[in-house]
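[1] A structural model of the following input is requested.
(one chain, ligands or ions: 3)
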Amino acid sequence: MICFTFMIDGVVSEVLKGFLAKYGKQWDGREAQRIVGKTPLEAAAAVVEEYGLPCGKEEFLAELHPVFYAQLCNIKPLPGASRLLKHLSGHGVPMALASNSPRGSIESKISYHQGWKDYFSAIVGGDEVTAGKPSPEIFLEAAKRLNREPSSCLVIEDSMPGVTAGKAAGMEVVAVPSVPKQAHLYTSADVVINSLLDLQPEKWGLPPFQDWIEGTLPTEPWYISGPVIKGFGRGSKVLGIPTANLSPKGHSSLLSEHPSGVYFGWAGLSTRGVYKMVMSIGWNPYFNNAEKTIEPWLLHEFTEDFYGEELRLVIVGYLRPEVNFPSLESLIAKIHEDKRIAERALDLPLYSKHKDDPYLSSSLHSESNHS
Ligand code: ADP
Ligand code: RBF
Ligand code: MG
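    Ligands and ions are numbered 1, 2, ... in the order given. Predicted structure coming up:
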């Protein structure tokens, strides 16, 4: 049995940002870690305290509540959540949803996602137990409702309090940190993964995913474009692997729907042509960048640079999470392996059909039907 909680509460950040502005404060992201996995009241208390707001937490919450409520329909599932739920429920694995949010709010959140209600045999809300996470109570209650021993349950969690709660309940815990670059803090989890795409159900005695094809995971195609910008100048120089960087600016919602990682697809340069492409999106753990970068390596020998040119990408599949490496050589070897896998996979009809996508060769800024 599986217990989980996972919706991206980007909405929470958006709403809080607006409110802080009203009090003349600026949201700086430091509280994201403090609010994930909390009840709304606990989260409000944390923010009131952190920012020294001149109001009580109840007052703050009363003000926030209607705004959150109106935003419930905009909360997106974590990337890969729908695929995972579909897979496990297709194999008859009993699942429960256990969240610190009040039950009513959980129910309205999931009502916006088709089929979600039926995936869960039990839902436990924060208002149905005496203490929310990090107390184990919410997970113990979920196990009870599913008629399972806690020790036979797997918890999938995106928050620190949730990981603590799951371990305290005597369950196996997979952490999927929702705050980037915080993986090292989740040491009490049995496994930390970068995204739900990386979950290996067979490690937990569950049926393995069957949608991987020749080392690649097909995704719904997604589209991103922009002028090629200057990066750190180390792709060609340090790795011998040039990457035509795109700016992550203006793509924040697209990037929150897709985890950091290594992807592949097709790249179009309007005056040159369409090429196979393998890319990384993220913080380059080996170099530990402060900013996220988008770095496609076009699988073609060019005789010149093309900085400033409009680059259009159709991303069709996922390969692996970005990881750190013990040496530069091992990073380079891995990227060349990514290249071989992508090059070969892109000849499969499933992927090659996207080579003719008009998006790749269409003229500038005609993205309206692809956003
Ligand atoms: P930067 O750090 O500025 O991105 P790189 O060393 O990664 O520098 O080099 C990237 C540049 O090299 C690209 O912007 C592009 O102009 C050029 N380039 C040449 N061949 C390729 C290729 N096959 N794929 C990507 N970029 C290439
Ligand atoms: N950087 C990492 O630190 N870890 C990775 O796993 C990683 N994988 C990559 C895979 C591909 C296909 C490409 C093109 C790049 C990857 N990089 C990775 C990014 C690399 O560090 C980056 O392109 C260079 O630092 C140049 O900025
Ligand atoms: Mg580059």
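
[2] Which stretches in the stretch 1-150 of the chain count as strands?
    2-4, 7-8, 76-77, 95-98, 122-124 (DSSP state E, counting those that start in this stretch).

[3] Quickly, which of these bottoms out on average pLDDT?
    Lowest mean pLDDT within these: strand 7-8, at a mean of 50.

[4] Can you name the helix or strand that Leu319 falls in?
    strand 310-320 (DSSP states H and E).

[5] Tell me which other helices or strands that strand touches.
    strand 217-227, strand 261-269, strand 273-282, helix 328-345 (3 or more Cβ pairs under 8 Å, 6 or more residues apart in numbering; DSSP states H and E). Quick note: C-beta positions are derived from backbone N, CA and C, even for glycine.

[6] Quickly note the distance from Ser188 to Val173.
    Taking Cβ to Cβ, to the nearest Å as the measure, Ser188 falls 8 Å from Val173.

[7] got any residues that touch both of the two?
    Here Ser188 and Val173 share the contacting residues Val163, Lys167, scored by Cβ atoms under 8 Å, 6 or more residues apart in numbering.

[8] re the thing from before, I'd like the helices and strands packed on strand 310-320 as JSON lines, with mean neighbour count and mean pLDDT appended.
    As requested, these are exported to JSON lines (neighbours: other Cβ atoms under 10 Å; pLDDT from 0 to 100):
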{"stretch": "strand 217-227", "mean neighbour count": "17", "mean pLDDT": "97"}
{"stretch": "strand 261-269", "mean neighbour count": "24", "mean pLDDT": "98"}
{"stretch": "strand 273-282", "mean neighbour count": "22", "mean pLDDT": "97"}
{"stretch": "helix 328-345", "mean neighbour count": "16", "mean pLDDT": "98"}
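
[9] closest to Asp356 out of these?
    Closest to Asp356 of these is strand 273-282 (Cβ to Cβ; 8.3 Å).

[10] hmm, the closest one in reach of ligand 2?
    Yes. Judged by Cβ under 6 Å from any ligand atom, strand 273-282 and ligand 2 are in contact via Val278, Met279, Ser280.

[11] how about the residues of the chain that lie near ligand 2?
    So the chain meets ligand 2 at 231-232, 234-235, 239, 241, 243, 262, 278-280, 284-287, 295, 297, 322-323, 331, 335, 338 (Cβ under 6 Å from any ligand atom).

[12] Look up how far Pro150 lies from the residue lying closest to Ala131 once chain neighbours are set aside.
    Spatial nearest neighbour of Ala131, excluding adjacent residues (Cβ to Cβ, 6 or more residues apart in numbering): Glu137 at 5.5 Å. Computed with Cβ to Cβ, the distance linking Glu137 and Pro150 is 11 Å.

[13] cool, Pro207 as well?
    Pro207 is 22 Å from Pro150, by Cβ to Cβ.

[14] picking that back up, tabulate the residues of strand 273-282 next to ligand 2 in JSON lines, adding columns for distance to Gly268.
    Formatted as JSON lines, the residues of strand 273-282 next to ligand 2 follow (distance: Cβ to Cβ, whole Å):
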{"residue": "Val278", "distance to Gly268": "15"}
{"residue": "Met279", "distance to Gly268": "14"}
{"residue": "Ser280", "distance to Gly268": "19"}
